[in-house]
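J.: Sequence first, then the predicted structure:
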Amino acid sequence: MSVHIGYAAMLEQFPPSEAVALAALAEHHGFSGVMASDHFQPWLPQQGESSFVWSVLAALGERTTGDLGPGVTTPTFRWHPAMVAQASATLASMYPGRHWLGIGSGEALNEHVVGTYWPEAHERINRMFEAVDIIKKLFTASIAGREVRHAGPHFRLETTRLWTMPPVAPEIYVATQGPVTAKRAGRQVDGIITTGADDERLRVLLAKFDEGAREGGRDRSKLTRVLQLHLSWAPTDEEAMANALREWPIAGMRFARGDIRSPFEFEQLARSVRPEDFNGRLTISSDPDVHRARIQRCIDLGFDRIYLHNVGRNQQEWLEVFGREVLPRLVR
């Protein structure tokens with residue numbers, strides 16, 4: 001079985017046209033597929049961008065040939081689930097067999113902008129799974145040519161259907177960093193998305209996902225385990241560390257970030273991040289083999305797809321080096 005290593009297009013860091021061009025370059029160097037971030041604001045002011053992910057995904061569909069999806073969108077605050085379902089169904093109709101739908105519970109940084117009440121994490125997760133239920137209902141009913149409605153604790157959907165719908169619904173993956181949500185995802189959706197962490201934590205998440213699938217009577221071999229892996233590579237270790245501190249101090253913040261509302265607040269918090277804070281959270285090295293070993297461990301843990309994000313601005317150089325020295329040496 002081939003190893004699926006994709007490109008993480010971080011729309012917080014690059015203008016949309018550049019992000020699309022980089023994704024096409026990644027494919028040229030052997031990367032398979034694109035995960036594009038969905039942000040209303042960047043993490044930090046200096047990152048400087050935050051384009052509309054669904055427009056970028058459509059452009060990615062034209063410039064690349066692999067899979068594509070949002071990593072991840074939130075169908076609970078800025079968007080009603082019906083609108084996310086329509087966007088996803090349209091993309092899947094345009095690019096058959098290529099699009100998957102990544103869903104998360106949201107962060108205040110992006111979702112507070114519409115001025116609604118910002119609930120605690122457990123309610124956000126419950127809202128997310130209700131949204132998943134609505135999207136799945138819409139997909140199933142629309143493929144069958146039927147209408148559907150919904151009345152739940154957080155959302156209402158009056159009788160309707162999606163009029164543009166592919167013959168096969170996009171797979172739905174839920175993002176999580178916690179074991180309870182991972183287990184729940186195993187019972188309800190087609191896959192899990194998580195971000196890089198220490199091996200033991202990743203092992204627990206995958207085990208809980210499989211446990212939920214087993215309890216739900218689902219075939220675990222047909223479910224997808226997705227990892228977004230942040231890393232910092234540059235020609236020297238010093239440059240790699242400087243890139244991490246400047247561009248992605250988020251990885252060194254060892255506290256919950258879901259309630260922080262402003263890039264300028266993150267900027268203040270980033271000043272406290274030190275090189276040692278990245279230990280176990282971000283691989284920082286000029287040696288491609290160090291990164292290859294880290295990626296290989298994640299493959300060995302059982303991830304089916306890994307989307308790589310090099311945190312620096314040196315994307316072209318990194319894609320060339322990894323395409324030549326890292327990707328060909330990864331094995332399943």
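T.: Thanks, I have it.
J.: Now do residue 3: how many residues are near it, please.
T.: 18 (other Cβ atoms under 10 Å). (Each C-beta comes from the backbone N, C-alpha and C, glycine too.)
J.: for the chain, what spans make up the helices?
T.: For the chain, applying DSSP state H gives helices covering 16-28, 53-63, 81-94, 108-111, 121-143, 179-188, 199-215, 237-247, 263-270, 288-301, 315-325.
J.: As JSON lines, those with mean neighbour count and distance to residue 100 would be great.
T.: Listed next are those as JSON lines, based on neighbours: other Cβ atoms under 10 Å; distance: least, Cβ to Cβ, whole Å:
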{"stretch": "helix 16-28", "mean neighbour count": "20", "distance to residue 100": "15"}
{"stretch": "helix 53-63", "mean neighbour count": "18", "distance to residue 100": "11"}
{"stretch": "helix 81-94", "mean neighbour count": "21", "distance to residue 100": "9"}
{"stretch": "helix 108-111", "mean neighbour count": "20", "distance to residue 100": "20"}
{"stretch": "helix 121-143", "mean neighbour count": "19", "distance to residue 100": "12"}
{"stretch": "helix 179-188", "mean neighbour count": "21", "distance to residue 100": "14"}
{"stretch": "helix 199-215", "mean neighbour count": "18", "distance to residue 100": "16"}
{"stretch": "helix 237-247", "mean neighbour count": "19", "distance to residue 100": "27"}
{"stretch": "helix 263-270", "mean neighbour count": "16", "distance to residue 100": "28"}
{"stretch": "helix 288-301", "mean neighbour count": "16", "distance to residue 100": "19"}
{"stretch": "helix 315-325", "mean neighbour count": "18", "distance to residue 100": "22"}
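J.: Just put these in TSV and tack on distance to residue 224 and mean pLDDT.
T.: As requested, these are arranged in TSV below (distance: least, Cβ to Cβ, whole Å; pLDDT from 0 to 100):
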stretch	distance to residue 224	mean pLDDT
helix 16-28	20	98
helix 53-63	18	98
helix 81-94	15	98
helix 108-111	24	97
helix 121-143	15	97
helix 179-188	11	96
helix 199-215	10	96
helix 237-247	29	98
helix 263-270	31	97
helix 288-301	14	97
helix 315-325	23	98
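J.: which residue packs closest to residue 50, ignoring adjacent ones?
T.: Excluding the flanking residues, the one nearest residue 50 by Cβ to Cβ, 6 or more residues apart in numbering is residue 39, at 4.7 Å.
J.: which phi and psi does the one you found have?
T.: phi -130, psi 150 (degrees, to the nearest 10).
J.: And the one 10 residues further on, by the same measure?
T.: As for residue 49, its main-chain torsions (degrees, to the nearest 10) stand at phi -140, psi 170.
J.: Hmm, residue 17 and it touching each other?
T.: No: with contact defined as Cβ atoms under 8 Å, residue 49 does not reach residue 17; the gap is 10.9 Å.
J.: Okay then, goodbye and thanks.
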